[in-house]
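K.L.:
Here you go, sequence then predicted model.
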Amino acid sequence: MDGSLDGSTDGYAGRIEVLEGRSGRRMRSEAERARIAAESLVPRAKVADVARRHGATRWQVYDWCRKLRSGDLAVPAEALREPAFAALVVEQPIPTPLPDHDSRSETRPSRVEPVVDGVVLRVRSDIDADHLTRVIRAIRAALR
């Protein structure tokens with residue numbers, strides 16, 4: 001075996017391209033990585049959104065969070081601040097008057113459900129007696 005990949009024995013047959021400048025890899029400082037990791041730990045923060053906003057990948061942010069928790073990454077000063085809480089004010093409840101039983105019956109009449117030859121009638125309790133009699137007679141006539 002001669003060690004040549006393209007089958008040529010005349011020497012190198014390919015082309016070498018030398019890139020200068022940035023390699024495309026982003027070099028972040030430890031403080032920046034810690035700040036991004038702390039930002040992703042905020043309640044309701046989505047790691048994918050935080051990573052996208054900072055031009056990183058999710059796995060990088062997860063790795064930085066793991067390092068932050070284990071102490072391998074310095075915690076940013078803003079993450080060490082005391083959390084701010086809203087003041088809680090407790091007020092006396094406003095008493096609401098309960099409706100009387102009498103006032104409820106005045107606003108909405110109750111219902112009665114007489115059964116006539118197996119037919120259930122649902123009528124208001126304040127129905128006129130003559131009208132109810134006519135309805136019952138009509139039901140009995142319809143069932144015969």
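P.N.:
Nice, I can see it.
K.L.:
What strand or helix carries the one residue sitting closest to the centre of the chain?
P.N.:
Centre of the chain computed as the mean C-alpha position; nearest residue by Cα atoms, centre = their mean is Arg44, 9.0 Å away. In this structure, Arg44 is located outside every helix and strand according to DSSP states H and E.
K.L.:
Flag the shaky bits of the protein, pLDDT-wise.
P.N.:
Filtered on pLDDT under 70, the chain yields the residue ranges 1-13, 19-24, 76-86, 99-107.
K.L.:
just the strands in the chain please.
P.N.:
Per DSSP state E, the chain has strands spanning 111-112, 115-116, 119-120, 123-124. These are given in chain order.
K.L.:
Save the ones you listed as TSV, and put in mean neighbour count and distance to Arg66 too.
P.N.:
C-beta here means a position set from N, CA and C on the backbone, and glycine is covered the same way. Written out in TSV, the entries for the strands of the chain read as follows (neighbours: other Cβ atoms under 10 Å; distance: least, Cβ to Cβ, whole Å):
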stretch	mean neighbour count	distance to Arg66
strand 111-112	12	67
strand 115-116	12	73
strand 119-120	10	69
strand 123-124	12	71
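K.L.:
for these, which one sits closest to Asp72?
P.N.:
Proximity to Asp72 (Cβ to Cβ) singles out strand 111-112 among those, at 73.7 Å.
K.L.:
check contacts around Val47.
P.N.:
Taking Cβ atoms under 8 Å, 6 or more residues apart in numbering, we find Val47 in contact with 40, 58, 61-62, 65.
K.L.:
Pick out whichever of these sits closest to Val90.
P.N.:
Ser40 (34.9 Å).
K.L.:
give me the number of residues near Pro97?
P.N.:
The local packing of Pro97 (other Cβ atoms under 10 Å) involves 5 other residues.
K.L.:
Check Trp64 too.
P.N.:
Neighbour count of Trp64, defined by other Cβ under 10 Å: 24.
K.L.:
What of Pro43?
P.N.:
One way to gauge burial is a neighbour count; for Pro43, by other Cβ under 10 Å, it gives 4.
K.L.:
Over to the one 3 residues further on?
P.N.:
With neighbours defined by other Cβ under 10 Å, the count for Lys46 comes to 10.
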